Every structure is written in C-alpha cells, then in structure tokens.
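1. Can you look at this prediction? I've put the sequence above it.
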Amino acid sequence: EAFQGDDPKLAKLKALLVGGVPEDPTPWVKYGCMIFSQYVDTARYMAEAISRSSDITVDVGLYAGGNNSGVYRSGSFQRCSKEELKKLVKDGQLKILFGIDAASEGLNLQRLGTLINIDLPWNPTRLEQRKGRIQRIGQRRDTVYVYNMRYHGSVEDRVHKILSERLEQINDLFGQIPDVLEAVWINE
C-alpha cells in the first residue's frame, strides 16, 4: 500500500512525451519516441498507461517477443506482427513504440526522433544498440534526444556513475570515446 500511486518513472515518461526537455519543450510524441525496457511486463504496463493518458491521444506500439507485440488504442490492445509495427512507424502512423531488448538490434526506426530508457541494461553496448535504432542514416532530426531513467541512489545509478567515470578516463587517455560508447552516455 505504501507504494501505490503515481510511478515516478511513468510520471517522467508522460512529462517528456507531452512537454519535452527544458532546452527544447517540444513534446517528444511530436518527434516520435522509442521507449525501451529490459522487461516485457514493464514495457506492457507503461505502454498501456500511456495509451490511457488523456494527455496523449496517439496509438502506442509494443514490440516484444512471442505474441506480445501489438498496438494500444485508448488502453485496448490489438495484437499485430512486428512487421506491421515497423511499417506503422515507417509510414508515420505510430509515434510511440515501446520495445524490449529484442527490439534493440536490426530495426531501422529513424522516423522516431527521441529515445527513453526506462531501465538501464548492465551492458553499455546494449545501450548503444538501443540508441542505434533511431540514430542512423536517414534520421530526419539534427538532434536526437536520449533520456536514461534511473532512481537516485539505486544500483542502476551506481552502475551508471562507474561506467561514466570509466568512459571519461578513456576519453582523457585517448582523446575520444570509441564509436560504440559515444559521449552522450557521459553527458547523461
């Protein structure tokens, strides 16, 4: 009972989708947004909640394994294939797509201009693979925003801090970050 109420990550997700970031208050739903979680239950929960939000009036896709893929319309789920989801994104008909790590490789989603990581993978390469779904040749935006969610003082916050420090050391030593781990990770 103590933990019922608004989920802070869900609240932040809604805020980004409808209000952008201070340096660019354009709603991220306008740019199109890929949202990753490591867990299908988390992705499903967030996708359904976003689709029921009165502030967001677009369809919400879920790209997941098995027969978990589909589209939420006003909270109602309709199964569809991963191929259909990719076509909807490519045609500009789907502006919000949730995915699990199965979606972090082999997808060309450069029609979407922003990315949110609800939870952080332990492997920084996986994080780069997620970003690579939208930051690729054919991306229409000059700036692609990435938002990495983590709870202050949590294990994921500590892992993020350690990885950021190591990447800064690599940068200091070699003068650049290797292509697979770009500076956006440090800036976050």
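-> Received, thanks.
2. okay, CA-based contacts and neighbour counts for the rest of this
-> OK.
3. The residue lying closest to Leu97 once chain neighbours are set aside pairs with what?
-> Nearest residue to Leu97, sequence neighbours excluded (CA to CA, 6 or more residues apart in numbering): Gly61, at 4.5 Å. With DSSP bridges as the criterion, Gly61 is bridged to Val71, Leu97.
4. Share the number of residues neighbouring Gly61, please.
-> 33 (other CA atoms under 10 Å).
5. Just list the residues touching Leu85, thanks.
-> 61, 63, 70-71, 94 (CA atoms under 8 Å, 6 or more residues apart in numbering).
6. Those residues into CSV, with extra columns for distance to Leu127 and pLDDT?
-> Shown next, in CSV, are the contacts of Leu85 (distance: CA to CA, whole Å; pLDDT from 0 to 100):
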residue, distance to Leu127, pLDDT
Gly61, 20, 96
Tyr63, 17, 93
Gly70, 24, 96
Val71, 24, 97
Leu94, 23, 95
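7. Wait, Gly92 touches Arg111, no?
-> Yes: contact status for Gly92 versus Arg111: in contact at 7.1 Å, counting by CA atoms under 8 Å.
8. Which of those two has more residues huddled nearby?
-> Between Gly92 and Arg111, Arg111 has the larger neighbour count (other CA under 10 Å), namely 24 against 12.
9. Please enumerate the helices of the chain.
-> Here the chain has its helices, by DSSP state H, at 8-19, 28-31, 40-52, 82-90, 124-131, 155-174, 184-187.
10. Out of those, which gets nearest to Gly75?
-> Judged by CA to CA, the one of the helices of the chain that comes nearest to Gly75 is helix 40-52, at 4.8 Å.
11. Give me the helices and strands touching that closest one, please.
-> If contacts are counted by 3 or more CA pairs under 8 Å, 6 or more residues apart in numbering; DSSP states H and E, helix 40-52 sits against strand 60-63, strand 70-73, strand 96-99.
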